[in-house]
Structures are given as structure tokens and as C-alpha cells.
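Trainee: give the three-dimensional model of this entry:
(2 chains)
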There are 2 protein chains.
Amino acid sequence: MKFSVTILGSNSAFPAFGRFPSAQVINFNESLFLVDCGEGTQIQMSRYKIRRSRIDHIFISHLHGDHVYGLPGLLTSYAQLSRREPLRITGPKGIRELIDTTLKLSHARTGFDILFTELSADHGETVLRTPGLHVTAFPLNHRITTYGYLFEEQPRPLNVRKECIDMYQLTTEQILDLKSGKDIILNGNTIPALEMTLPAEPERAYAYCSDTAYSDKILEYIRGVQVIYHETTFMDDLGELAAFSKHSTTRQAARIAELAKAGALITGHYSSRYRDLGPLLDETRTFFPATYLGLDGRTYHIGPEGITHVEAPDRN
Amino acid sequence: MKFSVTILGSNSAFPAFGRFPSAQVINFNESLFLVDCGEGTQIQMSRYKIRRSRIDHIFISHLHGDHVYGLPGLLTSYAQLSRREPLRITGPKGIRELIDTTLKLSHARTGFDILFTELSADHGETVLRTPGLHVTAFPLNHRITTYGYLFEEQPRPLNVRKECIDMYQLTTEQILDLKSGKDIILNGNTIPALEMTLPAEPERAYAYCSDTAYSDKILEYIRGVQVIYHETTFMDDLGELAAFSKHSTTRQAARIAELAKAGALITGHYSSRYRDLGPLLDETRTFFPATYLGLDGRTYHIGPEGITHVEAPDRN
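Mentor: Model (predicted):
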């Protein structure tokens, strides 16, 4: 089942060197989820062929402009493209007023409902629950109220061994029982589900952590995830600036990935002082080898042990 | 003296085919003026090497998102780049609330003053007066309150003939008198300025007309301008749609240019139904031959009789 993340913007503060401000799209089994929406996100969606009609949920980390100024344009474009399906937007308190005021003053009419969920909790909170996927918002440590988002694949049914279905002529009901892990009775004998099934693929999880200072409090939410996107605004020599602005360094992001026992780390939210990101990647890898450079247009496929492969865009 | 316009966005409604929403920069003697600021304007400024620090005035035609959603991002980028000089923003009533609310909710702090001028008049109004240039806002006919902007070069001093300066050994005071058109007295004789000077280059003017339905009421403001930018959202066969949405067709824009006796017409604000703009340009030219296709990144130089030359961007 597909589980991937496509970075649409990897720069901090403002666009530079062709890197857009923060936005990314999670693809879970062809349902798309947008996380953050910096200016130009809809332009990146067109460039990288994101099917925006498949997005029904948008998650916003915080209200700094580089994470949210692309939202009004995306919403009015949905309106112009005659969207009818409701759109859910989850973000910190204030997101509704920001969007409502902007749409009202710019005389935008949308033919679809926008359903806001405003967050203010200082602990983790489940913000989406589907049979296949749960999404949890959890507090980060930034200058203003900010949330990370954890995407967790839900346990999947076991696979019944094909040869058992044939051999025992299993009924549909028996197969469903086995898939859910229930033992069945055949000719008076209890047959353990364990013997008739293959294990389901392990569940995968992805965590988005931006913007934030180093905070080991987030470990309780993200421990054991396959892939973490953690901001690396600064390289290791700018730790003081990171602390002052409540951002993270390469070393700090790597430390979080290590403590979380993550399979892979994706970097991002780069300071505009870094034109060439090679040294930033090299440095992060010295602290956490399974590091991938987050870059606009690239898609990172999430597997049971980390990132299985990275797709580069057709055009960048 | 330089007088040019660089298009940063030529699409209507939303970005498409690499065309951004409305924005353009007027360069008058290396002072830059931004007209409209659709989403991604700051990205286009970087791409086309616009020196944004030279912009002290921004003029907004109306509050539809495709003309204004790039403004918050530009302002916060100015803040991050440590701008100190005040910035003047002129636009319809509501522009201040839109910007103030957005900056407040996104916790943006600017280290410079933003000075708003909110327009509500139903007649022309001078909104900028410098020794070299006047800018007048004038009402257009769109679905919401919308203004066009007229940039008028001011009369320049006459050029004193070099051979007269040498022959008569003119003093600085005499030269200044002649430049302002005043006759001087030499050895008791009145010497007419007309004989001692060459005419100054004729003043040039540029008019921005978008968004608007066909309206010959605007002729009183733009008559005789060298160059008009007039929206051509639709081709001639979609006149009904243009009337309904209060936009203009190629034929209507051309008619305005013709009635205004303009030297040249620049098209723009294209509907996203047109991927290829060749037919739109061809059609407009059948109505008004001196038509130029407005395209992102191109710079149109304004001369005494229209457009002197067009510069294509290094990279598009």
C-alpha cells in the first residue's frame, strides 16, 4: 500500500534558490494530505503533478507566513475549479480567522464547506481517524504555538495462506475470522489463526516536525516511526542562533531521529544562507547516517524500515 | 530616462502553464513601482532579478486574491531582509484590514512602517506626485471596486543648445532660465528661449487597466498614453462570458487602445483555457496592430510613440 511524502517546499522564511517555503503532501493509498501551505504551494502542485482534488484534509503546523500564506490562493483555486467536496483544515487557534478574513475581504466565494479544527492542547490529540490511518497532532517547541503531525498506518488484516483456503475449502466467514486473527473450528478441531495466516506487513508511521527547537518531549509521540521529517534550519555551528529563534540544527534533528530509533530522517526548512545543501547533508549524516536531503519535488517512499526509494521529479 | 514595465504575472484567477497571477513592476528612472501582487510575486521578483529594495510604493487594483495574495509574503520577506524604509500601499478600501489581520495572526513583525492609502472615489485621484512622475488612480468597471493606474512622466526641462552655451558664455543662472523656458537678456537684447534650446523629449505615459469590463469612461484618463496594459481575459468569441464576469475580450481591449490613440497595447490576465497564446495575440492584432503579448518576465520599454523594444528574460 502506497505511503509516501512529496516535498513541495523546503526553504525557511521565504523562497530562495528555487526552494519554496514549507509544504508537503502525504500520499496514503492515494488519499492525499497536505501539511503546511507556504506561498506558492499551488504552483508546486501543478509543477509536480499533485492531484489536488484528492486532498480532503490540510494540516497546518503554525501560523507563520512561510507555512500558511499559500492557503488562500489554494482555496480560491479550488473554488474556481468548482470543488464541491468539503475540505477539512486543522491547525492552531487563529487559522479560521486568518482564512475567513482573507476570503471575505477578497470577495472569494467557495462552493464547498471548509471545516476547521482549531488546536490549543499542550498534549497529543488524534485529529483524523480512518480505518487505515490515524493522524495525531502533538506540540512542538517554537516561538508561537506549533504542532507536529504523526501519520500512523493502522493494523492491517492478516493474509490467509492461499494453500489453506484451497485445502480446507474455507468459507468467506472463516477467511474473515482468520484475517482478524481469530482461530476457527474445522471438523471439531480448533485451528489457530497463526498456522493459517502470514503476518501482515508491519505498520508504518511518518512524523512531521517543523518548526521546532530541539525538544525530547516529542519522543513520546514519534518513537519508533519509520521516517521523520525534522527541520534542520541551521548547521551545527549556528546552535546559538537556532536556540534564539527556536529552530533546530543538523545535530539536533539527527539526535531526535536517533533517540526515536527512526528508520530515516528527512531534512528541511533550510536557512537562506545555504545555497548549496551538500555540506548540510554531509554533516547531518555524520550524526545520523540514514539521512535524506529533503528537496522540492522529491518523493520519499516509506517502507517498514525507513525509506525504500526516492523519486526525483521529471522537471525541477 | 528609463521608463519600462516588467510583467511578473499574466494569468487570471490562478497560476497555470507557468504563468503567474497578476503583478508587474514599473521602472521609472530606476525607481520601481509594483502594481498588483498575486501569489508568488516575490518568487518572480527573484527569478527576474527585480531589485525589490527599490520599491517604495505598491499599487493594488482590487482585492481579488489573484491580485493581492502575494502581498503578505512580500511584506514578511522585507521584514526578514531587515527593511527599514517605509512602504506605501495604495488600494481599495479593505486593503489595510486584509494586511493588518494577516500580519497580526501570523505573528509577523515588520521593522518598517506600512503607510496605507485607501481609495473609494468614483473619479480619478492623484495618488503619487514626484517631480518626475505623477500617478493617478481611476475607477474601472469590475465586479468589485477596482482602480486602474496611470503613470505620467512630468514635463522635463528644455535642453540648452551646446553651441549657444559656448558662443554666449552663458552663466549657470542663464542656463537654468533657458531650461525652464524663460527668455534671457544678453547685452540688452532679449534672446528667446525657443532659439537657444532644443525641445525636451515628449512626456510619456503608461496606463494599467485590469480587471475591467469594456468601459469607454476610462478614456478621459488614458487618452494619448504611449502604452496601455489592458486585460484580455477572453478571446472575441467569449464576449458573453466577458460581460458576465466583467472582464474584457481582445476586441474590447483593442478598441480602448484605438479610441485612446495609444501607441501600443500590452495584453494580459489570460484565462486558463488558453495554453497557447498565439491565436489571442493574432486576433488582438487584427483589431489593433501595435499589440504586444504580455508575458511573465518580459520587459517593455516605453518610448515617445509606443514600445521601443521588448527584453526577454534570461531564464523563463
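
Trainee: domain assignment for chain A?
Mentor: A:3-156+A:201-311, A:161-197 (automatic domain parsing).

Trainee: tell me the most buried of the ones you listed?
Mentor: domain A:3-156+A:201-311 (a mean of 20; mean count of other C-beta atoms under 10 Å in any protein chain shown). All C-beta spots, glycine's among them, are computed from the backbone N, C-alpha and C.

Trainee: tell me the span between the first and last residue of that domain.
Mentor: 13 Å (C-alpha to C-alpha, to the nearest Å).

Trainee: what's the average pLDDT for it?
Mentor: Averaging pLDDT along domain A:3-156+A:201-311 gives 97.

Trainee: how far does it sit from the chain's center?
Mentor: 6 Å (C-alpha atoms, centre = their mean, to the nearest Å).

Trainee: do it and chain B meet at all?
Mentor: Yes - on the criterion C-beta under 8 Å from any C-beta of the partner chain, domain A:3-156+A:201-311 is in touch with chain B at A:13-16, A:20-21, A:39-40, A:42-43, A:46, A:63-66, A:68-70, A:72-73, A:76-77, A:80, A:94, A:97-98, A:101-102, A:105-108, A:143-144.

Trainee: got a markdown table for the domains of chain A, with distance to residue B:314 too?
Mentor: Below are these laid out as a markdown table (distance: least, C-beta to C-beta, whole Å):
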| stretch | distance to residue B:314 |
| --- | --- |
| domain A:3-156+A:201-311 | 14 |
| domain A:161-197 | 60 |
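
Trainee: residues contacting the closest residue to residue A:133 other than its chain neighbours?
Mentor: Leaving out its chain neighbours, the residue that sits closest to residue A:133 by C-beta to C-beta, 6 or more residues apart in numbering or on different chains is residue A:28, at 5.1 Å. Each residue near residue A:28 by C-beta atoms under 8 Å, 6 or more residues apart in numbering or on different chains is listed here: A:1-3, A:132-133, A:151, A:153.

Trainee: bridging residues for residue A:28?
Mentor: When bridges are called by DSSP bridges, residue A:28 pairs up with residue A:3, residue A:31.

Trainee: can you check residue A:117 too?
Mentor: residue A:90.

Trainee: list the contacts for it?
Mentor: By C-beta under 8 Å, 6+ apart, the neighbours of residue A:117 are A:88-91, A:127.

Trainee: what about residue A:249, distance to chain B?
Mentor: In this view, residue A:249 and chain B are 19 Å apart by C-beta to the nearest C-beta, to the nearest Å.

Trainee: so who does that residue touch?
Mentor: A:214, A:232-236, A:238-239, A:242.

Trainee: ok, now residue A:142?
Mentor: A:62, A:211-213, A:246-247.

Trainee: closest to residue B:266 among the contacts of residue A:117?
Mentor: residue A:89 (38.2 Å; C-beta to C-beta).

Trainee: that closest one contacts residue A:114, correct?
Mentor: Yes - Residue A:89 lies in contact with residue A:114 (C-beta atoms under 8 Å); the separation is 6.1 Å.

Trainee: what do those two both touch?
Mentor: Joint contacts of residue A:89 and residue A:114 (C-beta under 8 Å, 6+ apart) are residue A:99.

Trainee: out of the contacts of residue A:28, which is nearest to chain B?
Mentor: residue A:151 (25.1 Å; C-beta to the nearest C-beta).

Trainee: mind listing what the host helix or strand of the closest one pairs with, with the direction of each?
Mentor: Using DSSP states H and E, residue A:151 sits in strand A:147-153. Partner strands and pairing direction for strand A:147-153 (DSSP bridges) are strand A:133-139 (antiparallel), strand A:205-209 (antiparallel).

Trainee: any chance of CSV for those, columns distance to residue B:288?
Mentor: Below are the strands paired with strand A:147-153 laid out as CSV (distance: least, C-beta to C-beta, whole Å):
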stretch, distance to residue B:288
strand A:133-139, 55
strand A:205-209, 53
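
Trainee: what's the closest of those strands to residue B:120?
Mentor: strand A:133-139 (42.8 Å).

Trainee: ok, which stretches of the stretch 1-150 of chain A are helices?
Mentor: Taking DSSP state H, counting those that start in this stretch as the test, the helices found in the stretch 1-150 of chain A are A:41-47, A:71-80, A:95-105.

Trainee: wait, residue A:69 touches residue B:72, no?
Mentor: Yes - with contact defined as C-beta under 8 Å, residue A:69 and residue B:72 form a contacting pair (5.3 Å).

Trainee: overlap in contacts of these two?
Mentor: B:102, B:106.

Trainee: any idea how far residue A:130 is from the closest residue to residue A:223 other than its chain neighbours?
Mentor: Nearest residue to residue A:223, sequence neighbours excluded (C-beta to C-beta, 6+ apart): residue A:260, at 5.2 Å. Distance, residue A:260 to residue A:130, by C-beta to C-beta, to the nearest Å: 24 Å.

Trainee: could you work out the most separated pair of the contacts of residue A:249?
Mentor: Taking C-beta to C-beta, no two of the contacts of residue A:249 sit farther apart than A:214 and A:235, at 14.2 Å.

Trainee: could the contacts of residue A:142 go into TSV alongside secondary structure?
Mentor: Formatted as TSV, the contacts of residue A:142 follow (DSSP: H, G, I helix; E, B strand; the rest coil):
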residue	secondary structure
A:62	coil
A:211	coil
A:212	coil
A:213	coil
A:246	coil
A:247	coil
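
Trainee: ok, and what's touching stretch A:101-112?
Mentor: Residues contacting stretch A:101-112 (C-beta under 8 Å, 6+ apart): A:72, A:75-76, A:78-79, A:82-87, B:63-65, B:68-69, B:94, B:97-98, B:101-102, B:105, B:143-144.

Trainee: now with 6 Å, please.
Mentor: Applying C-beta atoms under 6 Å, 6 or more residues apart in numbering or on different chains, the contact partners of stretch A:101-112 are A:72, A:76, A:79, A:83-84, A:86, B:63-65, B:94, B:98, B:101, B:144.

Trainee: quote the end-to-end distance of it.
Mentor: 17 Å.
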